[in-house]
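In: Below is the structure, and that's it, no one-letter string:
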């Protein structure tokens, strides 16, 4: 842990996660790097927690790419224009989601949370989120069974 003033000069910051908030898509986020937190111009980075059995709302990030590193737990994700595809990612795995790709992530476990680091090319915490509730009715949840 660094507490020296040398890490708090313009152009270089050491920060801690901010207070958690629930995003539009339903996840619990703990932001750290963003336009709001550090005046980032092109990058956002935060911790994500998906509690046991919880799922997000179908959404996409308009014009922004997302990279995810799963720290713990196992997440499933429906993705594609109609959420017709399904993928699973666990601790130690990376996930890439291209800009404008609809997706609906969820926690596969009923007992363990999923924790992940998310980086996105949108410096704002929630600006590029577009909810897609019309896609949720067509999700084939049988693919999600453990």
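Out: Yep, it's here. Small disclaimer: the values here were computed from a predicted structure and weren't measured.

In: burial of residue 95, as a residue count?
Out: 19 (other Cβ atoms under 10 Å). Heads up, the C-betas are built off the backbone N, CA and C, glycines and all.

In: Need the distance between the two termini of stretch 80-100.
Out: 10 Å (Cα to Cα, to the nearest Å).

In: Sheet-wise, list the partners of the worst-scoring helix or strand of the chain on mean pLDDT with their directions.
Out: Least confident helix or strand of the chain, by mean pLDDT, DSSP states H and E, is strand 8-9 with a mean of 72. Strands that pair with strand 8-9, judged by DSSP bridges, come out as strand 12-13 (antiparallel).

In: Helix or strand next in line after the partner strand, which one?
Out: Sequence-wise, the next helix or strand downstream of strand 12-13 (DSSP states H and E) is strand 21-22.

In: Tell me the gap between that next one and the middle of its chain.
Out: 12 Å (Cα atoms, centre = their mean, to the nearest Å).

In: repeat for stretch 138-146
Out: 20 Å.

In: Quick check: buried residues in it?
Out: Residues of stretch 138-146 classed as buried under the neighbour-count rule (16 or more other Cβ atoms under 10 Å) are 139, 144.
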